[in-house]
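> Pasting the sequence and the predicted coordinates here, then a few questions.
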Amino acid sequence: MSKRQSRIEKVIAELCPEGVEFKELGEVVKILDSQRKPVTKSQRTGGEYPYYGANGIQDYVDDYIFDGTFILLGEDGSVINKDGSPVLNWAIGKIWVNNHAHILAEKSEIALLRYVYFALSVIDVTKVVKGNIPKITQQNLRHFLIPVPPLAIQQEIVKILDTFTTLEAELEAELEARKKQYEYYRDELLTFGEDACLPDRQVAWKTLGEVATNLDSKRKPVTKSNRKEGEYPYYGASGIVDYVNDYIFDGDYLLVSEDGANLLARVTPIAFSASGKIWVNNHAHVLEFETYVEKKFVEYYLNMIDLSRFISTAAQPKLTQNNLNKIPIPVPPIAEQERIVAILDKFDALVNDISVGLPAELHARRKQYEYYRGKLLTFKEKI
């Protein structure tokens with residue numbers, strides 16, 4: 001990569017000795033927003049063509065309104081990433097796009113669309129995202145400034161960055177396959193019955209209230225404005241939400257989401273371990289067990305089973321302490337729990353721990369990609 005980067009620097013010095021011209025996005029691409037057509041879910045007919053919204057594919061429909069290669073940039077709703085960059089999707093082929101995503105097409109005589117995609121991925125749109133529902137207006141979109149070097153330089157930049165994205169996609173596919181393998185073995189190991197690994201006669205069934213000590217009464221919610229920054233993790237329904245200067249728990253605990261959409265969506269684990277000095281608000285139950293093995297066994301089990309019958313269906317889904325205590329938990333002999341936890345701990349590290357295996361390699365590739373993307377897309381502006 002460094003040789004190709006050096007070549008690009010040499011070409012820039014030859015072709016753009018005084019710097020690179022920055023142009024408004026409205027000059028660089030075609031904006032096809034006027035051709036979009038929103039269709040309510042009740043009016044859509046299922047089919048093979050992707051139906052895109054602000055943050056990606058929302059559905060598949062039986063017709064299309066665009067056919068080609070496009071950049072889709074979130075217009076309202078999910079329009080901004082954590083780093084301040086816009087939400088982008090690279091779309092190829094026959095697609096339908098609603099009015100929540102701007103649609104950009106190539107002006108081949110000015111800029112490669114793939115280059116524009118990478119250039120947009122590093123701009124900060126924080127200052128132009130306005131409203132209760134976050135929105136990037138077309139007027140603001142047209143005024144985004146991006147560097148536009150000669151096409152030969154754009155081509156070289158695209159080659160380098162596409163190499164990284166291809167490697168990342170391959171690693172992601174391999175990691176996804178590993179996760180499916182993990183889920184298969186987890187389900188096999190934690191299913192008890194006549195056809196399972198361990199027959200029912202060797203398993204005692206108890207409620208979660210019987211196998212764990214509930215420490216919810218010690219929790220203390222603190223509003224963001226009243227928190228003082230510090231070193232101790234502050235936990236909520238889906239994990240760490242802040243770091244504060246004090247703690248109320250010190251030990252090894254299992255936290256279980258009490259409320260929030262994640263209870264039904266299962267985007268992140270419902271149950272997760274938390275160790276050491278921590279603060280927990282009233283959006284996560286706090287459970288304590290006698291041993292690490294018992295805690296991890298219950299953690300793996302809760303993240304596998306369907307808990308919907310224990311979750312209230314109010315506007316805000318909730319798993320009350322009363323319902324939490326009623327959840328039935330299988331309790332095989334401790335030796336069997338140790339065996340199961342040892343196997344699942346290894347699998348879990350292979351698919352989730354960014355310090356080892358595929359997650360570590362994927363993390364390193366992403367960091368490397370971000371580094372080169374930043375270097376390659378930083379230009380001296382031509383005055």
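That came in fine, so what should we check first?
> so where does residue 179 fall, helix or strand?
helix 151-189 (DSSP states H and E).
> My understanding was that residue 232 contacts residue 280; is that so?
No: taking contacts as C-beta atoms under 8 Å, residue 232 lies outside contact range of residue 280: 10.6 Å. Where you see a C-beta, it was placed from the backbone N, CA and C, and this is true even at glycine.
> who has more neighbours, the two?
Ranked by neighbour count (other C-beta atoms under 10 Å), residue 232 and residue 280 place residue 280 first, with 24 against 18.
> going on from the helix holding residue 179, what's the next piece of helix or strand?
Following helix 151-189 in sequence, per DSSP H and E, is strand 204-207.
> And the helices in the stretch 251-383 of the chain?
In the stretch 251-383 of the chain, the helices defined using DSSP state H, counting those that start in this stretch lie at 262-265, 292-302, 321-326, 334-352, 357-376.
> Include mean pLDDT, mean neighbour count and distance to residue 31 when you put these into CSV, please.
As requested, the helices of the stretch 251-383 of the chain are arranged in CSV below (pLDDT from 0 to 100; neighbours: other C-beta atoms under 10 Å; distance: least, C-beta to C-beta, whole Å):
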stretch, mean pLDDT, mean neighbour count, distance to residue 31
helix 262-265, 78, 15, 33
helix 292-302, 97, 21, 48
helix 321-326, 96, 15, 50
helix 334-352, 89, 16, 40
helix 357-376, 81, 15, 24
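> can you tell me which of these comes nearest to residue 16?
Ranking the helices of the stretch 251-383 of the chain by proximity to residue 16 (C-beta to C-beta) places helix 357-376 first, at 13.8 Å.
> so how far is the closest one from its chain's centroid?
16 Å (C-alpha atoms, centre = their mean, to the nearest Å).
> Then stretch 45-60?
19 Å.
> got any ranges where the stretch 101-250 of the chain has weak pLDDT?
Along the stretch 101-250 of the chain, the model assigns pLDDT under 70 to residues 193-201.
> List the buried residues for stretch 250-269?
253-260, 262-263, 269 (16 or more other C-beta atoms under 10 Å).
> contacts for that stretch?
212, 215, 235, 237-239, 270-278, 280, 282-289, 292, 295, 298-299, 302-303, 307-308, 311, 316-321, 324 (C-beta atoms under 8 Å, 6 or more residues apart in numbering).
> Got the confidence number for the residue nearest in space to the middle of the chain?
What sits nearest the mean C-alpha location of the chain, by C-alpha atoms, centre = their mean, is residue 267, with 8.7 Å. Looking at residue 267, its pLDDT is 72.
> Check which helix or strand residue 47 maps to.
strand 46-53.
> Within the sheet, what are the partner strands of the helix or strand following that strand, with directions?
Going down the chain from strand 46-53, the next helix or strand is strand 56-61, by DSSP H and E. Within its sheet, strand 56-61 is paired with strand 46-53 (antiparallel), according to DSSP bridges.
> ok so, going back, buried ones in the strand holding residue 47?
49-53.
> would you list those residues in CSV and tack on distance to residue 21 and pLDDT?
What follows is these, written out as CSV (distance: C-beta to C-beta, whole Å; pLDDT from 0 to 100):
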residue, distance to residue 21, pLDDT
49, 38, 96
50, 35, 96
51, 37, 96
52, 31, 95
53, 34, 93
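> Which of those residues sits closest to residue 151?
residue 52 (27.9 Å).
> Residue 139 versus the closest one, what's the distance?
For residue 52, the distance to residue 139 (C-beta to C-beta, to the nearest Å) stands at 22 Å.
> So residue 52 sits against residue 90, correct?
No: the pair residue 52 / residue 90 is not scored as a contact, 11.0 Å apart, by C-beta under 8 Å.
> between the two, what contacts are shared?
Going by C-beta under 8 Å, 6+ apart, residues that sit against residue 52 and also against residue 90 are residue 72.
> Show me what the helix holding residue 179 is packed up against.
helix 2-15, helix 113-120, helix 334-352, helix 357-376 (3 or more C-beta pairs under 8 Å, 6 or more residues apart in numbering; DSSP states H and E).
> would CSV of these with distance to residue 228 be doable?
Output for the helices and strands packed on helix 151-189, formatted as CSV (distance: least, C-beta to C-beta, whole Å):
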stretch, distance to residue 228
helix 2-15, 44
helix 113-120, 38
helix 334-352, 31
helix 357-376, 31
